[in-house]
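Peer 1: Could you work out the structure for the sequence below:
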Amino acid sequence: MDTMNEQEYCKKVQEVFEFLLSSSCNIHDDTLYHKLLDSLNGKMITSEFAESCGVIDFLQRAGNNTDISPDTLVFAVQLVEKLVSKLELPGIHLDTMSVLIETVALRTSVDNLSVFCALFTTLKTILQCPCIKEFCLNIDFQDILKKSFDILKEERSIFLSRAVSEFICSLFSSKMAESQEAKKLLKELQTIIVNFDRDGSQRVLSPSTLCSLRVLEKAPHLFNDSFAEILDVLIILMKIGSTQSSTTAARCLHSLCLQCQDRAKSGRVKSLVTEAIETVDIVKGLHIAKVLYPLQLLERSSLENIILKPLQMLDKTNHSPAMHSSLPAVSLSLTIVNDCNIQKLEVCKCVAEVLKMTENRHDDFTGSGCNSFTGSSKLQIKCLDYLGSYTSKEVMLSVISSISNIVSYTTEHMIYGKCLQCLCQLLPEVLCSSCYSSETSTVRSDLSKIKESVQRNFCSVEWEFRDTSCEFVRNLMDKHKDKEGVIQWMLDSRFHVFACQAVGDGESYVRATSLSTLQTVLLSSYRTNLLQDMNTTIDEIISQILDVCKTDSEAFPRRSAARLLHHCLLDLSYLLHPESIQCIAQCFSTSLPSDFDWEVKLIVVEFWCAILKRCFDADLDKETSNQPLGIVVSLDCLKNEKDGKRGYVSISSAINVLLKLSCDYDPSVSERVCQELCWICETLEKFVLKISSATNDDNRSDWCMCAHCSQLITELLNRMTEGKEKTRNDSVFKTDYDSNAVSLLDDILLLDRSHDNNDEDNAIDCY
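Peer 2: Okay, here's the model as predicted:
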């Protein structure tokens with residue numbers, strides 16, 4: 001920002017501050033406050049500049065102005081947070097800001113909830129700043145802490161209580177933790193915990209109790225002296241509290257025991273915790289066991305028994321019907337098994353049994369053999385998540401059987417997808433097992449059943465099933481491309497053909513997934529199978545994909561099509577007809593750079609950068625220069641026409657496209673191009689220097705260096721240098737407000753009606 005613009009900006013900021021402090025300020029669009037705050041945060045790079053813009057004066061007057069609007073007061077408090085956390089401020093500036101904070105904290109009505117939420121959020125940030133002690137010199141920190149704790153006791157608002165609680169927790173991890181004010185507050189927190197209501201009436205924690213426990217959880221070392229008393233309270237709270245309160249108490253116990261490991265290993269602690277878990281109901285016990293599982297407080301086996309209890313009770317041979325587990329308990333048990341990553345044979349058997357009970361079997365629809373878990377999608381997802389990560393050989397065939405039944409009848413695409421994900425993990429081992437080759441085993445019929453279901457779902461009315469089926473093929477190819485048995489099973493099922501034929505599907509998401517699957521198959525060693533089974537050639541497929549890039553109305557398929565063409569040209573050019581190469585290069589030169597979707601244009605940038613990198617690498621390394629993909633300086637070179645070179649891509653096309661996209665209206669595209677132009681420019685400069693200094697005998701370049709091509713390279717280099725400087729100076733990567741901060745200030749000043757006699761022509765639409 002030059003001197004002229006700096007002066008104009010400072011003047012506008014001061015005018016805006018005057019408006020914000022006036023009684024006529026009435027900004028209904030709070031996004032303007034947020035944008036102004038972000039703009040000032042970016043511009044205020046020194047305390048001197050902040051002072052010259054009137055920021056310090058504004059904060060001083062805001063604290064003394066009783067007519068200021070609550071929104072402006074929130075803005076002033078948030079501005080203090082930005083400045084203190086960003087700049088090294090002189091003492092006099094810190095004094096001004098601390099006075100504002102104290103005024104808001106002690107003289108503003110607590111009914112202004114938004115003001116106090118902003119206040120305590122700001123205080124939380126300032127506590128972690130290096131200047132916190134200096135900041136607190138001129139404020140009554142004791143009164144502010146007292147006010148904060150009073151707010152918790154009053155239970156005014158959930159959001160305000162949360163902001164205050166986070167501020168207090170932050171206090172004990174800051175430099176102020178050793179202050180007398182903090183120590184006094186700590187005693188109050190300890191008192192609240194120790195004197196917790198033990199008669200069983202307080203099942204839900206009050207904000208002040210909850211805050212005290214949060215401090216205990218975050219800073220357990222502060223409570224060492226009260227270990228025994230606090231332990232008793234936590235045990236009681238685990239027994240009589242609500243599920244949430246019990247979980248909170250368990251987390252506090254976890255932190256306290258990690259801090260005081262010697263005391264935690266005592267027999268009394270273990271017996272109290274064991275008694276508490278055995279006393280509470282199953283669901284609450286599961287929550288407590290989940291928190292304590294990582295802690296070596298109890299034996300892992302004991303906690304695992306508690307976690308698995310709902311699953312083990314499903315065995316009807318060992319338990320009466322009255323002892324059967326409820327669906328919520330089983331669901332929670334499965335969640336904990338997944339979260340704690342308990343991979344054991346016993347657990348795997350239990351999970352497989354639950355999955356079997358959820359199957360949608362024919363007899364379930366008639367009422368025979370039906371149970372409360374049948375068709376439960378929640379249980380099925382959790383079981384499949386676990387079995388997809390760990391399945392023992394003992395239950396593998398049972399899981400495959402369950403999957404075959406579920407995919408046959410499920411009407412939920414999420415369940416169908418989870419089944420195929422789990423199958424994708426199990427398939428290699430299943431196909432290699434002795435059971436698969438056995439004529440008496442049911443695994444062959446189960447896999448055949450799955451095969452029929454997947455084939456049927458390629459034609460499902462619901463697009464999600466078609467999309468998931470295509471995704472299944474891609475996953476098989478990606479994860480098991482080296483496992484011949486899995487690939488052969490897929491090829492025999494003709495899944496790859498169905499997936500690739502979905503390029504013409506009526507749903508854009510399916511077309512996109514189909515194109516991604518087609519890319520995976522073409523880049524694999526099994527592309528010959530696909531081309532034979534589809535009775536087509538790779539050039540015919542390329543022609544079809546080019547049509548998608550040019551005519552598809554949706555962005556997702558065009559992105560997938562562009563990626564496919566990108567990889568085919570770079571990796572499979574030796575299989576392509578020269579006309580196909582020429583068509584791909586033309587598509588990336590004309591239609592795709594003009595696409596409305598920014599992600600498509602980023603793929604164009606990646607494509608041409610990859611072409612240029614290969615071109616430069618080939619010139620520097622003779623061993624890589626004999627590549628099937630031909631790259632020339634210009635397609636207009638008469639020498640190329642004479643040699644009959646077709647199917648070549650040119651350096652000039654690449655750079656022309658990149659220069660065009662460097663001025664793109666989308667910041668993500670223009671920014672990426674500018675980054676790439678830096679290395680391209682540098683590399684091309686080195687090449688020009690090498691060519692100009694070389695003799696005819698030692699010129700090692702494979703490029704045509706006729707008069708036309710040499711002149712073109714020089715012109716391209718000059719244009720890139722100009723384009724790089726232009727994009728750097730114009731700041732094309734920013735929004736209107738970012739590139740011209742004054743425009744934001746002007747928009748805010750248009751809301752000031754005190755000078756325009758209510759001229760409606762000055763009204764703006766903030767949205």
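
Peer 1: Report the buried residues of the helix of greatest length in the chain.
Peer 2: The helix spanning the most residues in the chain, taking DSSP state H as the definition, is helix 667-693. Residues of helix 667-693 classed as buried by neighbour count (16 or more other Cβ atoms under 10 Å): 669-674, 676-677, 680-681, 683-684, 687, 691. Using the backbone N, CA and C atoms, a C-beta is placed for each residue, glycine as well.

Peer 1: In JSON lines, list those along with pLDDT and distance to residue 579.
Peer 2: Formatted as JSON lines, the buried residues of helix 667-693 follow (pLDDT from 0 to 100; distance: Cβ to Cβ, whole Å):
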{"residue": "669", "pLDDT": "91", "distance to residue 579": "29"}
{"residue": "670", "pLDDT": "87", "distance to residue 579": "33"}
{"residue": "671", "pLDDT": "87", "distance to residue 579": "35"}
{"residue": "672", "pLDDT": "90", "distance to residue 579": "30"}
{"residue": "673", "pLDDT": "88", "distance to residue 579": "29"}
{"residue": "674", "pLDDT": "85", "distance to residue 579": "34"}
{"residue": "676", "pLDDT": "87", "distance to residue 579": "29"}
{"residue": "677", "pLDDT": "84", "distance to residue 579": "31"}
{"residue": "680", "pLDDT": "85", "distance to residue 579": "28"}
{"residue": "681", "pLDDT": "83", "distance to residue 579": "33"}
{"residue": "683", "pLDDT": "82", "distance to residue 579": "30"}
{"residue": "684", "pLDDT": "79", "distance to residue 579": "29"}
{"residue": "687", "pLDDT": "72", "distance to residue 579": "30"}
{"residue": "691", "pLDDT": "61", "distance to residue 579": "32"}
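
Peer 1: Using TSV, lay out these together with distance to residue 290.
Peer 2: Output for the buried residues of helix 667-693, formatted as TSV (distance: Cβ to Cβ, whole Å):
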residue	distance to residue 290
669	46
670	49
671	45
672	44
673	49
674	49
676	48
677	53
680	54
681	56
683	56
684	59
687	62
691	68
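
Peer 1: Hmm, residue 384 is touching residue 416, no?
Peer 2: No - at 10.4 Å, residue 384 and residue 416 do not qualify as touching, with contact defined as Cβ atoms under 8 Å.

Peer 1: neighbour count winner among these two?
Peer 2: The neighbour count for residue 384 versus residue 416, taken as other Cβ atoms under 10 Å, is higher for residue 384 (27 against 23).

Peer 1: Leaving aside the residues adjacent along the chain, what's closest to that one?
Peer 2: Distances taken as Cβ to Cβ, 6 or more residues apart in numbering put residue 418 closest to residue 384, at 4.1 Å, once the chain neighbours are dropped.

Peer 1: and what of residue 206?
Peer 2: residue 155 (6.8 Å).

Peer 1: Check residue 122 too.
Peer 2: Per Cβ to Cβ, 6+ apart, closest to residue 122 is residue 81, 3.9 Å.

Peer 1: Now for that neighbour: which residues touch it?
Peer 2: Applying Cβ atoms under 8 Å, 6 or more residues apart in numbering, we find residue 81 in contact with 121, 122, 125, 126.

Peer 1: Okay, and it sits in which element?
Peer 2: helix 70-86 (DSSP states H and E).

Peer 1: that older thread, measure the residue nearest to residue 206 to residue 248 for me?
Peer 2: 17 Å (Cβ to Cβ, to the nearest Å).

Peer 1: the more surrounded of those two?
Peer 2: Legend: neighbour count by other Cβ under 10 Å for residue 155 and residue 248, higher for residue 248 (24 against 12).

Peer 1: Is the more buried one in contact with residue 211, as I believe?
Peer 2: No - using Cβ under 8 Å, residue 248 is not in contact with residue 211, being 11.2 Å away.

Peer 1: Now do the host helix or strand of residue 520, average pLDDT.
Peer 2: Using DSSP H and E, residue 520 maps to helix 508-522. The predicted model gives helix 508-522 an average pLDDT of 95.

Peer 1: Show me what that helix is packed up against.
Peer 2: The contact analysis (3 or more Cβ pairs under 8 Å, 6 or more residues apart in numbering; DSSP states H and E) places helix 508-522 against helix 463-479, helix 495-501, helix 527-533, helix 538-551, helix 555-571.

Peer 1: The fourth one to helix 555-571, inter-axis angle?
Peer 2: I take that to be helix 538-551. Put simply, helix 538-551 runs at 140 degrees to helix 555-571, going by axes from the mean of the first three to the mean of the last three Cα atoms, to 10 degrees.

Peer 1: Return the set of buried residues in helix 538-551.
Peer 2: For helix 538-551, by 16+ other Cβ under 10 Å, it's 538, 541, 542, 545, 546, 548, 549.

Peer 1: Can you say which two of the residues you listed are spatially most distant?
Peer 2: The largest separation in the buried residues of helix 538-551, counting by Cβ to Cβ, is between 538 and 549 at 16.4 Å.

Peer 1: So what touches the helix holding residue 520?
Peer 2: With Cβ under 8 Å, 6+ apart, helix 508-522 has contacts from 463, 466-467, 470-471, 473-474, 477-478, 496, 499-505, 527, 530, 538, 541, 545, 548, 552-557, 559-561, 563-564, 567-568, 572.
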